[in-house]
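Enquirer: Sequence plus the predicted model coming up.
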Amino acid sequence: MVKRSGLPKEGENVLVTVKSLTPNSALCMLDEYGIEGMIHVSEVAGKWVRDIKKHVKVGKQYVAKVINVDEKKKFVFLSLKRLSKKEKEAKMNELKKEQKSEKILNLFAKKMGISLEKAYELVGFKLQEVYGDMYEGIEYALKQPEHLIKHGISKDIVNALAEAAQEFIKKKEVKIKAEIRLKFFTPDGIERIKQTLLAIKNKYNLSIKYVSAPRYLVEIRTNNPKVAQKELARILEEELAKVKDGEAEFEILGKENE
């Protein structure tokens with residue numbers, strides 16, 4: 001997950017995952033910052049909310065707007081209703097760019113013989129501070145490296161970052177897709193489907209989307225499709241074999257260019 005240092009600013013749009021619910025609020029984790037925040041029931045929707053559970057789900061990610069920051073407690077107050085559709089789309093597009101940037105930063109880390117966390121401290125957070133995001137900073141590393149050097153980033157680091165970016169660009173990333181068909185024959189079948197898919201998603205960092213009952217789409221991004229396809233088949237075969245009181249099967253659909 002893309003990381004950011006410090007605290008978000010009021011008015012900033014952030015990615016959050018809901019941890020728990022009360023009748024009056026949703027406790028969230030700000031995924032990029034690694035700190036907690038809260039969405040009050042009055043900030044969930046632009047209308048009166050009778051039951052917060054019908055609008056916000058535990059374990060689901062949302063784009064939220066920061067409306068207040070308690071710097072002493074490092075706690076953030078958030079809103080869903082103050083966010084426009086265009087702002088949500090812009091945040092998701094920004095996230096896709098930053099995810100690519102993090103992969104480049106990971107290549108840079110390997111070249112430097114350091115961890116990804118150290119690479120963030122060495123240059124990632126600096127790029128976010130100067131340019132607003134890593135993506136623009138990496139573009140400068142490729143096209144105008146002197147621009148980064150003027151902002152206090154050493155020439156060796158800039159060169160290594162540019163080399164990692166060029167290497168990443170040469171590798172064409174693809175998506176491997178599979179379809180899961182899953183159902184249970186018990187009264188709590190829907191809940192068991194959610195738990196099964198969420199466990200697979202979290203354990204292997206996969207993208208799983210609902211298609212239509214009982215079909216679910218699984219996606220994984222990779223630069224090595226042959227290996228990834230075999231690995232995805234192994235994962236699904238192993239995890240779905242654990243299903244009891246139901247039926248589970250999958251089909252690898254192949255690859256799709258990014």
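Expert: Happy to help now that I have it. Only a predicted model underlies this, so the values are computations on that prediction, with no experimental measurement involved.
Enquirer: I'd like the next helix or strand past the top helix by length along the chain.
Expert: Residue-count comparison of every helix in the chain, with assignments taken from DSSP state H, identifies helix 85-112 as the longest. Toward the C-terminus, helix 85-112 is succeeded by helix 116-119 as the next helix or strand (DSSP states H and E).
Enquirer: For that following helix, which outside residues touch it?
Expert: Outside of helix 116-119, the residues that reach it under the criterion Cβ atoms under 8 Å, 6 or more residues apart in numbering are 102, 105, 106, 108, 109, 112. Where C-beta positions appear, they are placed from N, C-alpha and C, glycine not excepted.
Enquirer: Could I get the average pLDDT for the helix or strand following it?
Expert: Proceeding N to C from helix 116-119, the next assigned helix or strand is helix 125-131, under DSSP H and E. Rounded to a whole number, the mean pLDDT of helix 125-131 is 96.
Enquirer: Who are the packing partners of helix 125-131?
Expert: On a contact count with 3 or more Cβ pairs under 8 Å, 6 or more residues apart in numbering; DSSP states H and E, helix 125-131 meets helix 134-143.
Enquirer: Around residue 185, count how many other residues there are.
Expert: The number of residues packed near residue 185 is 8, by other Cβ atoms under 10 Å.
Enquirer: What separation do you get for it and residue 12?
Expert: 46 Å (Cβ to Cβ, to the nearest Å).
Enquirer: same deal with residue 192?
Expert: Counting by Cβ to Cβ, the gap from residue 192 to residue 12 is 37 Å.
Enquirer: ok, now residue 207?
Expert: Between residue 207 and residue 12 the distance is 25 Å, computed by Cβ to Cβ.
Enquirer: Look at these two and report which has more neighbours.
Expert: residue 12 (18 against 12).
Enquirer: which residue sits closest to the more buried one, ignoring its sequence neighbours?
Expert: Distance criterion Cβ to Cβ, 6 or more residues apart in numbering; nearest residue to residue 12, sequence neighbours excluded, is residue 66 at 4.8 Å.
Enquirer: Kindly report the same for residue 103.
Expert: By the measure of Cβ to Cβ, 6+ apart, the closest residue to residue 103 outside its immediate chain neighbours is residue 168, 6.2 Å from it.
Enquirer: and if you look at residue 243?
Expert: What sits nearest to residue 243 in space, not counting adjacent residues and going by Cβ to Cβ, 6+ apart, is residue 196, at 6.6 Å.
Enquirer: Residue 5 too?
Expert: Looking at residue 5 with Cβ to Cβ, 6+ apart, the closest residue is residue 125, at 4.4 Å.
Enquirer: how many other residues sit next to that neighbour?
Expert: Using other Cβ under 10 Å, the number of residues around residue 125 comes to 16.
Enquirer: what's the answer for the one 5 residues further on, then?
Expert: By the other Cβ under 10 Å criterion, the neighbourhood of residue 130 contains 17 residues.
Enquirer: That one and residue 109: what is the separation?
Expert: Using Cβ to Cβ, residue 130 is found at 19 Å from residue 109.
Enquirer: Equivalent analysis for residue 162, please.
Expert: With distances taken as Cβ to Cβ, residue 162 is found 15 Å from residue 109.
Enquirer: ok, now residue 237?
Expert: For residue 237, the distance to residue 109 equals 32 Å [Cβ to Cβ].
Enquirer: Tell me which of these two has more neighbours.
Expert: For the pair residue 237 and residue 109, the greater number of neighbours falls to residue 109 (21 against 12), based on other Cβ under 10 Å.
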